[in-house]
Every structure is written in C-alpha cells, then in structure tokens.
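> Kindly generate the corresponding structure for this input.
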Amino acid sequence: MLVVKIFHLGILFTVFIFTIHISSVYATVDAKNNNGSLTDSNISSIKPDNYAIKVGEGNNTVSITKYFPDYVEIAAGDSITWYNGVDVPNPHTVTFVRDLDNIEKIGVPFYVSNNTQIIPVFNNLGEPLEETTSNGTRVVMMLNARALTPTVITANNSVMDLKKDSIYAFNGSEKFVNSGPLLSLDKEQKFDYSFSSSFTVVFNKPVFFEYTCLFHPWMIGKLVVKP
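Numbers count the residues shown, from 1 in each chain. Next up is the predicted model:
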C-alpha cells in the first residue's frame, strides 16, 4: 500500500500545494534573433549566447505538459534557460537523469521514532501520510528536497544544493541535475516557499541529452550540443 501511495504522491503534491488551472494561451518559442539577443523581454538580461525554452504552456490544441520547443540544437559553449511562461501556478521541472536508478522521487518514506510528535504549523492543516509496519516501526512520507529544489548529484554521489534561479555548467558525468519546480516569471509568488522562475544550464561538451519533468514523466525534451 505504501508503494502505491509513493507512486501517486507527485500528483497529490501538485493538487495540494498548487491550484492547477488550464488556461487557453498561445505558446511562444524563444530563440536568438538576428543580433543574437533573446526576443522575450522577461529574460532579456541573460547572455546573448543563450537560448530559451518555455515549459508547460499550450493552448486548446497543444498539450500543457510539453517543452516549447522540445528539441533544440546548440553549439558547445551555448546555454539554455528554461522558464515557466504560464500565469497560473502549474509547476514543472527540468530534470536530467543518467538512468532510472538515479531519479529522485517527489515523496520518500522516512523512519521516525514512535514517540515523535508531528505538530502542524497551522490549525486544521491536516495530517501526515504515515503507516506502521508489521514490526511496529513508524514510517512517514516526506517531500524530497532534492526533487523540489535546484539540486545536482555528481558522479561520486556528492549532493550540491544550487541557488534559486541557478546557472549551472553541465559536465556530462552527473547522475542528477534538477531545476526544482519552475513557476511563472510574471506573477508574484505568494507561497510559503519561494520556488525558482528559471533554470539555466551551460553545455560545454558536444553530446545528446534528454530531460524530463518530475511531475509529468511523459514530458520529454531533447537537445543536441554540436562542436
């Protein structure tokens, strides 16, 4: 039963933390114009060798769980900034994973002592998702900080906590590179926790990469870094 709860926790987190709306908006794709600068005024401060990809915005005929564009070709040394252009708080991540063994789930179980008190911050907030095993051990589901904040796990399993709206130089050996949830650039974030609006990665080595969203694993982006 606990495995089933873990499987569904990503959906439950999205519904519980964020109010999800479907908005009929036109998707735009940003790339370099003739003078090398980006066309979107929201990200005009980033470097001229930077490409931009909008995450999660569609319209009546295009899926909202999609990267725009979902395939790009860049040159070594170029960078990409991903940002959520949707005005409503519908979170998406940009997550590079070496293989499925290295993926970080949104919710993970932790053992706690049976006398541990879990006290809600607000009245009538609810209660934690927990179970007691057959031998009496108490297990509590917790949100995983590695999935919900900008995080890198290196080839030797070192965990690097990145800053909000990070710029990260990808070396290709990482097991896990994650933006954390990206929310709209345009709207003031009125949550107890401040999530990123953008995530920028510099690609210095020619290679093919795929990435996904931890909330929507069918959401796949592909990029080719040419010499």
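
> Domain parsing of this structure, as residue ranges.
2-106+144-226, 108-142 (automatic domain parsing).

> mean pLDDT lowest for which of those domains?
Mean pLDDT is lowest for domain 2-106+144-226 out of the domains of the chain, coming in at a mean of 74.

> Please tell me how far the residue sitting nearest the centre point of the chain sits from residue 177.
Centroid-nearest residue in the chain: residue 93, 1.7 Å away (criterion: C-alpha atoms, centre = their mean). Residue 93 is 10 Å from residue 177, where distance means C-beta to C-beta, to the nearest Å. To be clear about C-beta, it is placed using only N, CA and C from the backbone, and glycine gets the same treatment.

> the residue most distant from the middle of the chain, which is it?
Residue farthest from the centre of the chain, counting by C-alpha atoms, centre = their mean, is residue 135 at 36.4 Å.

> Just want to check the distance between that one and residue 114.
Residue 135 is 11 Å from residue 114, by C-beta to C-beta.

> Please apply the same query to residue 76.
Residue 76 is 55 Å from residue 114, by C-beta to C-beta.

> Of these two, which one has the most company?
residue 76 (13 against 9; other C-beta atoms under 10 Å).

> returning to what we had before: shouldn't the residue nearest to the centre of the chain be in contact with residue 178?
Yes - using C-beta atoms under 8 Å, residue 93 makes contact with residue 178 at a distance of 6.0 Å.

> what is in contact with the two at once?
147, 214 (C-beta atoms under 8 Å, 6 or more residues apart in numbering).

> what ranges do the helices span in this structure?
2-17, 145-148 (DSSP state H).
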